[in-house]
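Asks: test case, fold it:
(2 chains)
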Amino acid sequence: MRVTAKSGRGSGPGSGRRQGADGTSDTAVATFHAWFGSRGWQAFPFQEEVWRALASGGSGVLHAPTGTGKTLAAWLGAIARSRAVDAARPPDAEPAAGPRVVWVTPLRALAADTVRALTEPLRGLRPLTAGWTVGMRTGDTTAADRRRLRARWPTALVTTPETLSILLSLEDAHDTFAALETVVVDEWHELLSTKRGVQTELALARLRALRPGLASWGLSATLANLDDALAALVGPGGVTAARLVSAHVPRRLEIETLVPQPMERFPWAGHMGMRLLPQVLEAIDRAATTLVFTNTRSQAERWYEAIRTARPAWRRALALHHGSVDRELRSHAEEGLRRGKLKCVVATSSLDLGVDFGPVEQVLQVGSPKGIARLLQRAGRSGHAPGAVGRLVCVPTHALELIECAAARMAVADGVVEARRPLTGALDCLAQHMVTVACSGGFRETDLLAEVRGTRAFAALDDASWRWALDFAARGGPALAAYPDYARIKERFGRWYVASKSLARRHRMSIGTIAGDATVEVRWVRGGRLGTVEESFISRLAAGDRFLFAGRPLLLFRLDGLTAWVKRARGTTSLQVPRWNGGRMPLSTLLSAAVLDLVRDAARPGDGRPVPREVQAVLPLLEVQSRWSRLPDRDTLLLERWQGRDGHHAFLFPFAGRLVHEGLAALVAWRIARGRPSTLTLAATDWGFELAGRDTFAADERSWRRLLSPDRLLEDLLECLNGTEMARRHFREIARVAGLVSGARRSDRQTQASAGLIFDVLCEHDAGNMLLSQARREVLERHFEFRRLRDTLESLATKDIRVVETSRLSPLAFPIWAEHIQSRLTTQGWLERIADMARELEDAAGDR
Amino acid sequence: MPPDVTIAAAETPATMPAADVILLPGRAAYLPATQTLLVADLHLGKAATFRRAGIPVPEGSAQRDLSRLERLVTDTAARRLVVLGDLFHAQSGCTPAVLDEFSASRSRIPGTEVILVVGNHDRSLGRIPSALGIDSCLRTLDEPPFHFVHEPATPLVEPDREAFTVAGHLHPTLALRSPSGDRIADRCFVAEGNLLVLPAFGSFTGGHRVEPVAGMRLWIARDDGVVDVTRFAELASRSVR
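Replies: Here you go, the predicted model:
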């Protein structure tokens, strides 16, 4: 059947239908409904809305909870759009080669599952999908497979943001995307507030420049700021013609918390460790398949080990899944989960995303979920069988987490959720993108500037920053003399091209390596990989030391460059557990406020909402807190001073999330140390922060009021960044993206330098380098959540400050103290510091 | 029986204590008996190597390091300068600008003999151009009781050697931690038995962490000072918490 109608190319999403592409799209939609019917399903209205919008060339963001059919909405819509384009093509026109649909997935581990999910409906939709194929290209695709792919492109290509950038950097990018009609970004919310999201925004702008009629769709979980998600996807200029589609699918969720038996006093000032293990085992017993989520990889290792030891009979039905475990072992766990062969999988955020694991009946969340969106995401991994109910059980590991669990549970019931802010103005991403475009046919400066300003991330890019980024890519920096013999891109006849083929090759290799610590591969002496672990952990171990990794007790045999050779260790006592960086989210603002309210309500029973059972279990602890110190509330800032053996400590409880507390700690420490040379150490949790020093500091309320003043906030923060190592440490990611350090694993030995060293050289010899200011800005905005920090200080200015001298660590102070030192701030000279440190050690030695 | 060689740190290059080896501020050592200044691992031209490979690292560290070196020669009135290897980073970094800077710097200390004990990086250059004004290039230099070499034999202590070895190559660094959590990490001199390893002199060079063991002597080495931290490291390793 051929309908002679114009497709909705370039027109608004609503108008296309009226113009008469309806014929084809009606046929397609009817086919889809019939296919749904043949499987005993019924399409949701939101699915049909997306099908029709896509058929007429419209773009948008579809948000719905996990497992409600977002994939089928976008995928069938893309098929409908292709049919409409075919119908509009003159009969004698030859269709271009290359994929018609590009499907971007945030994790390469998800690509294979996505290919499977997209391939599955194709057969049943024939003849609509006759000849359709789905393929994938990710960082794992072999050279041979890449060649095969390029010789004959599949109709739909599944890829990652990094590989999409690589495809855009190839000389024939124009031909590769000549047939592209639809691009779908899966799990858009995951990419949104990251550099990879910026990379995706730039890639989408490039694709729109290559294919002006391109339809783009983002699939997202529900967020508070969906309009930002839409603007980032289609660019601020495309928002009016695009649409937000909401699923309105009721997903029944049951959330409960494991509450420990009432006890007089919590051990370790609240730390419960594995105390709830018996109840966890009981819960796992109850369901056919359980997913146990933890917040960190070390926790996952510990819980896996504990469950395995307690239930040896589950040995074959138990698996461990986290980002450092070898890919093969992970796939094994995923496959087992999908087939319902596993009783229980212990995982980190590595399993937050992905194609549904049907058999999962319940999810256990070990530790506080820290955010409402995260709780929803994880809860959504369960109960996918038809008519099933999603079930999540919170397992607190600390008494205070009981309150956080209660707050999260109640927030879900109230239907609130957090926002995710997309990043803007990342010059490292811009410089990388410039080289990418220069590698593929070059660019005219004005064209690329307009294209880049069309993204949300760079809509406000000023001329000076653009100029700087171009100079950086071309000459290393604006100071010509500082960068002799350097050129990455060169101008010829008004266009910028990459300077050489070898530089282009090098650039492609470095595109999109996610910044991370140097990692060491863990291998059996007898052969076989176990995964990777941060070098900083393994370098602390000596040969013969025993540690827990990938769910196995191991013995370090030999460390050899970037490989740790291990043997199986006998017994499970005295095992060390690696501490991996990252993975720790701060408590969201929404939850922080709810937690503080619960604490206050608990203090005044009968005055407001009933006390939830989680909080009731903590009442004895809160009672101790109010006896030894006092309980915090919304109108007062609690401040505890405590004299320890190692010096003076101050604990403050603003309840503003860990990142803000880290920023506040650095700021206050700087303001203290500025006046008098000293060294202070800092620690922070979601509830408060600690400052500690050798000598006493800020005793009364008046001086604290001054230290916490919102005046001169930005200036003071920038100055204190120089006193800490934070900007230097944060520079690693920027250096990687901007191509200052090699992302490749085995790089040329002669060009290896740490990001920290390059940071120092830049500070000394090119202090105006804008990547340095970007590092400072990113620490402020992303690391310290500057806006939230400023709001916090402004609200603290209106509160009473209550300084309490405590004779021992209070239940609220203890968890902060137990975090140990996270950073330090100093205004002392190095000789003086060494002398002080040595004196401290002598004193400690004398005490023994 | 290893020779008895005394080592001491100087507060400034002008006020030198009595010892066989004097460690100077600025990551250099001085031998009063032969009026010899010792440095190791300058890695000149490393930034240029990076730029050649398309990595924008600014120039400036080579000039700064060379002028620091000139000052040390002047301040100590050294009769000779012995570079314990890795004077240059790589062939691709030996641009005319870098070589010119070196020979210009060399000509500003005309009264001093310059000896290069060749390091692994220098070897990749092939022949060292005579225009640079380096008086001799040697694999090792033996002047009892001293044995000068770039790369010390592993393990660090060479028990059967009669000489006291002074070497570079390892770029040693040290991290010190106090009970209250303060931490300092910097380059260092390491001495153990009859071996002394110098820190890297070049400012654009990385480092390798030294794990202190009993019997090891350590000095934090910075541009503006050098300080003995042997006792500190010993105490710190005892009070692991």
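Asks: quick check: phi and psi on the residue sitting nearest the centre point of chain A?
Replies: Nearest to the mean C-alpha position of chain A, by CA atoms, centre = their mean, lies A:Glu190 at 6.3 Å. Dihedral pair for A:Glu190: phi -70, psi -40, per degrees, to the nearest 10.
Asks: my read is that it contacts A:Gly354, right?
Replies: No. Look at A:Glu190 against A:Gly354 with CB atoms under 8 Å: they stay out of range, at 10.8 Å. C-beta: built from backbone N, CA, C; applies to glycine.
Asks: show me what the longest helix seen in chain B is packed against.
Replies: Longest helix of chain B, by residue count under DSSP state H: helix B:61-76. If contacts are counted by 3 or more CB pairs under 8 Å, 6 or more residues apart in numbering or on different chains; DSSP states H and E, helix B:61-76 sits against helix A:755-765, strand B:28-31, strand B:36-39, helix B:46-52, helix B:96-107.
Asks: quick check: next helix or strand after the longest one?
Replies: Right, helix B:96-107. With elements assigned by DSSP states H and E, the helix or strand that comes after helix B:96-107 is strand B:113-117.
Asks: any idea which element the closest residue to the residue nearest to the centre of chain A other than its chain neighbours lies in?
Replies: With sequence-adjacent residues excluded and distances taken as CB to CB, 6 or more residues apart in numbering or on different chains, A:Glu190 is closest to A:Pro106, at 4.7 Å. Assessed by DSSP H and E, A:Pro106 sits outside every helix and strand.
Asks: buried residues in the worst-scoring helix or strand of chain B on mean pLDDT?
Replies: Between all helices and strands in chain B, the lowest mean by mean pLDDT, DSSP states H and E belongs to helix B:230-238, at a mean of 82. Across helix B:230-238, burial judged by 16 or more other CB atoms under 10 Å in any protein chain shown covers B:Phe232, B:Ala233, B:Glu234, B:Leu235, B:Ala236.
Asks: how about that helix as CSV, C-alpha atoms only?
Replies: Extracted C-alpha coordinates of helix B:230-238, given in CSV (Å, rounded to 0.1, in the frame of the first residue of the first chain):
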residue,chain,number,x,y,z
THR,B,230,63.4,9.7,59.9
ARG,B,231,62.2,9.7,63.4
PHE,B,232,58.7,10.9,62.3
ALA,B,233,58.4,8.1,59.8
GLU,B,234,59.5,5.6,62.4
LEU,B,235,56.9,6.8,64.9
ALA,B,236,54.2,7.0,62.3
SER,B,237,54.7,3.4,61.1
ARG,B,238,54.5,2.3,64.8
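Asks: which residues of chain B score low on pLDDT?
Replies: Along chain B, segments meeting pLDDT under 70 span B:1-3, B:154-161, B:238-241.
Asks: quick one: residues contacting the spatially most central residue of it.
Replies: With distances taken as CA atoms, centre = their mean, the residue of chain B nearest its centroid is B:Ala40 (3.1 Å). Shown in contact with B:Ala40 (CB atoms under 8 Å, 6 or more residues apart in numbering or on different chains): B:Val83, B:Leu84, B:Gly85, B:Asp86, B:His150, B:Ala167, B:Gly168, B:His169, B:Leu198, B:Pro199, B:Ala200, B:Phe201.
Asks: now a PyMOL select for only the buried ones of those residues.
Replies: Only the buried entries of those go into this PyMOL selection, using 16+ other CB under 10 Å:
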select buried, chain B and resi 83+84+85+86+150+167+168+169+198+199+200+201
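Asks: of the contacts of B:Ala40, which is the nearest to A:Leu621?
Replies: B:Pro199 (51.3 Å; CB to CB).
Asks: are we agreed that the closest one is in a helix?
Replies: No. Counting by DSSP: H, G, I helix; E, B strand; the rest coil, B:Pro199 is not part of a helix but coil.
Asks: right, and it touches B:Ala167 too?
Replies: No. Assessed by CB under 8 Å, B:Pro199 is found out of contact with B:Ala167, at 11.5 Å.
Asks: quick check: phi and psi on A:Phe443?
Replies: phi -150, psi 160.
Asks: quick revisit: figure out which of the helices and strands packed on helix B:61-76 is closest to B:Pro145.
Replies: Evaluated over these, closeness to B:Pro145 peaks at strand B:28-31, with 10.6 Å, by CB to CB.
Asks: ok, and what's touching that closest one?
Replies: Strand B:28-31 has contacts (CB under 8 Å, 6+ apart) with B:10, B:13, B:16, B:20-24, B:36-39, B:69, B:72, B:76, B:78, B:146, B:166, B:189, B:196, B:198, B:201.
Asks: sheet partners, orientation included, of that strand?
Replies: Here strand B:28-31 is paired, per DSSP bridges, with strand B:21-24 (antiparallel), strand B:36-39 (antiparallel).
Asks: what's the most buried one of these?
Replies: Of all these, strand B:36-39 has the most neighbours on average by mean count of other CB atoms under 10 Å in any protein chain shown, namely a mean of 26.
Asks: okay, now the unreliable bits of the stretch 101-250 of chain A?
Replies: Ranges of the stretch 101-250 of chain A meeting pLDDT under 70: A:250.
Asks: need the strands for it, in chain order.
Replies: For the stretch 101-250 of chain A, the strands defined by DSSP state E, counting those that start in this stretch cover A:101-104, A:134-137, A:156-159, A:182-185, A:215-220, A:243-246.
Asks: reformat those strands as CSV; add mean neighbour count and distance to chain B.
Replies: Shown next, in CSV, are the strands of the stretch 101-250 of chain A (neighbours: other CB atoms under 10 Å in any protein chain shown; distance: least, CB to the nearest CB, whole Å):
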stretch, mean neighbour count, distance to chain B
strand A:101-104, 26, 28
strand A:134-137, 22, 25
strand A:156-159, 26, 26
strand A:182-185, 28, 30
strand A:215-220, 26, 32
strand A:243-246, 18, 42
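Asks: can you lay out those as a markdown table showing distance to A:Ser331?
Replies: Formatted as a markdown table, these follow (distance: least, CB to CB, whole Å):
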| stretch | distance to A:Ser331 |
| --- | --- |
| strand A:101-104 | 20 |
| strand A:134-137 | 15 |
| strand A:156-159 | 16 |
| strand A:182-185 | 24 |
| strand A:215-220 | 23 |
| strand A:243-246 | 33 |
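Asks: ok, which of these comes nearest A:Ser810?
Replies: Using CB to CB as the measure, strand A:215-220 is the one of the strands of the stretch 101-250 of chain A that comes nearest A:Ser810, at 41.7 Å.
Asks: what sits against the residue nearest to B:Tyr30 when sequence neighbours are not counted?
Replies: The shortest distance from B:Tyr30 to any non-neighbouring residue, by CB to CB, 6+ apart, is to B:Ile22 (4.5 Å). Counting by CB under 8 Å, 6+ apart, B:Ile22 makes contact with B:Ile7, B:Ala8, B:Ala9, B:Ala10, B:Met16, B:Ala29, B:Tyr30, B:Leu31, B:Pro32.
Asks: for chain B, longest strand please?
Replies: strand B:183-192 (DSSP state E).
Asks: roughly how far is it from the heart of the chain?
Replies: Computed by CA atoms, centre = their mean, to the nearest Å, the chain-centroid distance of strand B:183-192 equals 12 Å.
Asks: report the buried residues of stretch A:237-244.
Replies: A:Gly238, A:Val239, A:Ala241, A:Ala242, A:Arg243.
Asks: the residue nearest to B:Tyr30 and B:Ala8, how far apart?
Replies: Distance, B:Ile22 to B:Ala8, by CB to CB, to the nearest Å: 6 Å.
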